[in-house]
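Enquirer: What follows is a predicted protein model with its sequence.
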Amino acid sequence: MRGIGVIATWAVAYLGVWLITAIAAFVAARHLGDHQLPWAQTLVLSFLAGAVWPLLVIGALELTSVAALSKAMSRHATRDHADEAHASTDVLTLG
């Protein structure tokens, strides 16, 4: 019986997040999207977006990790460039 309870809990959680994602996608699409698009089509696309919400979460995590990596690489390149500029000004001339 414990296995069925765990499966039921996961199913309820998945369906709950599906509903929340579908509502959020519908509201966002109606406010930000093409206003000439029929609401029924927007509803179907929102329903499908809700169904694949785990992929949306994975995509969002991947996007943030790529952005963080890009920012870190930019800082590293800037620091290396500053170190090179500083090193070139420390040259002694004999004369």
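Expert: Looks like it came in fine. Residues are numbered from 1 along each chain as shown.
Enquirer: Could you use CA atoms for every contact and neighbour count after this?
Expert: Fine.
Enquirer: which residues of this structure fall in strands?
Expert: Ranges of strands in the chain, per DSSP state E: none exist.
Enquirer: Output the longest helix belonging to it.
Expert: For the chain, the helix with the greatest residue count under DSSP state H is helix 53-88.
Enquirer: What number of residues are in the vicinity of residue 61?
Expert: 12 (other CA atoms under 10 Å).
Enquirer: how far out from the middle of the chain is the longest helix of the chain?
Expert: Relative to its parent chain, helix 53-88 has a centroid offset of 15 Å by CA atoms, centre = their mean, to the nearest Å.
Enquirer: buried stuff in that helix?
Expert: residue 53 (16 or more other CA atoms under 10 Å).
Enquirer: for it, packing partners?
Expert: helix 2-32 (3 or more CA pairs under 8 Å, 6 or more residues apart in numbering; DSSP states H and E).
Enquirer: Now do the same for the helix it packs on: mean pLDDT, whole number.
Expert: Averaged over helix 2-32, pLDDT sits at 92.
Enquirer: For it, list every residue counted as buried.
Expert: Applying 16+ other CA under 10 Å to helix 2-32 flags 18, 19, 21, 22, 23, 25, 26, 29, 30 as buried.
Enquirer: ok, the spatially most central residue of the chain to residue 66 distance?
Expert: The chain has residue 60 as the residue nearest its centroid, 1.8 Å off, counting by CA atoms, centre = their mean. Distance from residue 60 to residue 66, counting by CA to CA, to the nearest Å: 10 Å.
Enquirer: Residue 49 now?
Expert: 23 Å.
Enquirer: pLDDT averaged over the longest helix of the chain - what is it?
Expert: So the average pLDDT for helix 53-88 ends up being 81.
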